[in-house]
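Participant: Predicted model follows, preceded by the sequence.
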Amino acid sequence: MIAELDSLVPITFMHTKKDQLFSAPIDKLGDWTFDEKVAEVFPDMVQRSVPGYSNIISMIGMLADRFVQPNSMIYDLGCSLGAATLAIRRQIKQDNCRIIAVDNSLPMVERCKKHIDAYKATTPVEVICEDICNIKMQNASMVVLNFTLQFLTPDNRQRVLNNIYQALIPNGILVLSEKFSFSDRTVDELLFNMHHDFKRANGYSELEISQKRNMLENVMLTDTIETHKQRLNNAGFEHVDTWFQCFNFGSIIAIK
Ligand SMILES: C[S@@+](CC[C@H](N)C(=O)[O-])C[C@H]1O[C@@H](n2cnc3c(N)ncnc32)[C@H](O)[C@@H]1O
Ligand SMILES: O=C(O)C(=O)C[C@]1(C(=O)O)C=C[C@@H](O)C=C1
């Protein structure tokens, strides 16, 4: 089943370098940024760090097959190297659609453009280097926030969700994937620790895990599933639920 789904998506990025960014001790750990070094190893990093990542990407393609409407726009917000965009574009059978992929990291955007150009398809893709808080969206049948909202300030999170709701057409869908926290402390600790087990099993050392965690601490603030659902309801969405979860990572759909 999973192998079949994986074959739906071209995650075979051109240069997949192993993530060893944090394998040696770093003197001054700054805040996390999606810089050149991260962009270079991102396919390996995200695959070994996010439980269920490739399944979520494949299934975003399946959701595109169901939800993308003719003559509409698709937005991939925080697109990184374009994995979700590629999965969506492969599945679109509708005429006159356009995908807008947005990221505010120039190293990501430059690589993303190369990945998009490496595959032939009819649906045009525009890759834009911009903060997702500043972009104007309209006539959207599908919007993807695949592990992006967690990097925004809480105020901006609600603002972006409001904009997305306004931009969606009837029966349009938002896919919101995030790292979650849990209000039950026992569950929160268990799923947090199991995520670290997952990273260890994927070859990360204790040093790599702890240095990356310190760098992410101030810039990636996680919310509970309840908080996400409340924000989506506040934005106007009535049909909201979790469709995927593995440990403390998961994905929510919100339909207009
Ligand atoms: C974890 S990655 C997303 C992974 C990607 N969506 C995928 O499916 O492979 C988060 C991305 O969001 C981008 N990002 C973070 N904050 C942003 C913002 N305010 N505007 C645009 N992009 C942002 C980062 O540059 C990074 O590439
Ligand atoms: O918590 C972690 O260790 C993570 O790596 C999470 C996470 C994410 O969820 O976006 C953070 C940064 C990287 O881009 C990949 C994954």
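Facilitator: On my side now, so go ahead. Ligands and ions are numbered 1, 2, ... in the order given.
Participant: who in this structure is up against ligand 1?
Facilitator: Selection of the chain residues close to ligand 1 by CB under 6 Å from any ligand atom yields 34, 46, 78-80, 83-84, 102-105, 108, 131-133, 146-148, 151-152. C-beta: built from backbone N, CA, C; applies to glycine.
Participant: Need the buried ones from the residues you listed selected in PyMOL.
Facilitator: The command below creates a PyMOL selection of those among these that count as buried (16 or more other CB atoms under 10 Å):
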select buried, resi 34+46+78+79+80+83+84+102+103+104+105+108+132+146+147+148+151+152
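Participant: Restricted to strands, list the residues of the chain next to ligand 1.
Facilitator: Among the residues of the chain next to ligand 1, the members falling in strands are Val102, Asp103, Asn146 (criterion: DSSP state E).
Participant: need those in CSV with pLDDT and distance to Asp188, can you?
Facilitator: Below are these laid out as CSV (pLDDT from 0 to 100; distance: CB to CB, whole Å):
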residue, pLDDT, distance to Asp188
Val102, 98, 31
Asp103, 98, 30
Asn146, 98, 23
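Participant: just checking, what's the longest strand in this protein?
Facilitator: strand 168-179.
Participant: hmm, who's touching the strand or helix carrying Val38?
Facilitator: In this assignment (DSSP states H and E), Val38 forms part of helix 36-49. With contacts defined as CB atoms under 8 Å, 6 or more residues apart in numbering, helix 36-49 is touched by 11, 13, 15-21, 34, 53-54, 80-81, 83, 105, 107-108, 110-111, 147, 199, 202-204, 212.
Participant: how about Asp223, phi and psi?
Facilitator: Main-chain torsions, Asp223, degrees, to the nearest 10: phi -120, psi 160.
Participant: didn't it look like it was pressed against Ser183?
Facilitator: No. Counting by CB atoms under 8 Å, Asp223 sits too far from Ser183 to count as a contact (10.4 Å).
Participant: Among these two, which residue is more densely surrounded?
Facilitator: More neighbours surround Asp223 than the other of Asp223 and Ser183, with 18 against 10 (other CB atoms under 10 Å).
Participant: So for stretch 194-211, what gets flagged as buried?
Facilitator: Buried residues in stretch 194-211 (16+ other CB under 10 Å): His195, Phe198, Lys199, Tyr204, Glu208, Ile209, Gln211.
Participant: all strands of this protein, in order?
Facilitator: 73-77, 98-103, 125-129, 140-146, 168-179, 239-246, 249-255.
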